[in-house]
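Q: Sequence first, then the predicted structure:
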Amino acid sequence: MSDSDNNYNNENYREGRFVPPPIQYIYVTQEPSGSGSDNSESSVPEKKIGFALTSMIVGIVAAVFSCIPTISLICGGVGLTFGTITLVKHKDGSRMAFAGVICSSLAIHIAICILLVIVALDIPLIQKIIDDLLWYLRQ
């Protein structure tokens, strides 16, 4: 190494002005694997599990919030729809889609049962909460 390359012998360093060396970037490109002329992207299978994952996540959310019928019915319907689409059209992610369909169905059934109990019993506490909410919204 020459004196001009060494920062300890550099005038700028001795005067308190340290100048760092320039940053060198290394660019790495990935060569296509295989030893043929087949460089197409179709050689790498691409999994599309977006609907299956959505079905599973929304189904779990619906199952967790199954005590709140409106959230459960909306999330359960979305999860059931996405899961059914995945199971019918795609084979990738079928386990997640199946889990989403099961959780969504369970959440919808629980929400319907809760709604039937509320309507059948005509619970005064629920009526009072609804009346208070309506009174608050009117003001």
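A: Alright, I've got the coordinates.
Q: contacts for stretch 50-60?
A: 75-76, 78-80, 82-83, 85-86, 90, 92-97, 99-104, 107 (CB atoms under 8 Å, 6 or more residues apart in numbering). Any C-beta I mention is one placed from the backbone N, CA and C, and that applies to glycine too.
Q: Keep only those of the residues you listed that are in helices.
A: Among these, the members falling in helices are 75-76, 78-80, 82-83, 85-86, 94-97, 99-104, 107 (criterion: DSSP state H).
Q: Need the buried ones from those selected in ChimeraX.
A: Buried members of the ones in helices among the contacts of stretch 50-60, defined by 16 or more other CB atoms under 10 Å, are picked up in ChimeraX with:
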select :75,76,78,79,80,82,83,86,96,97,99,100,101,102,103,104,107
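Q: What's the separation between T54 and A107?
A: With distances taken as CB to CB, to the nearest Å, T54 is found 15 Å from A107.
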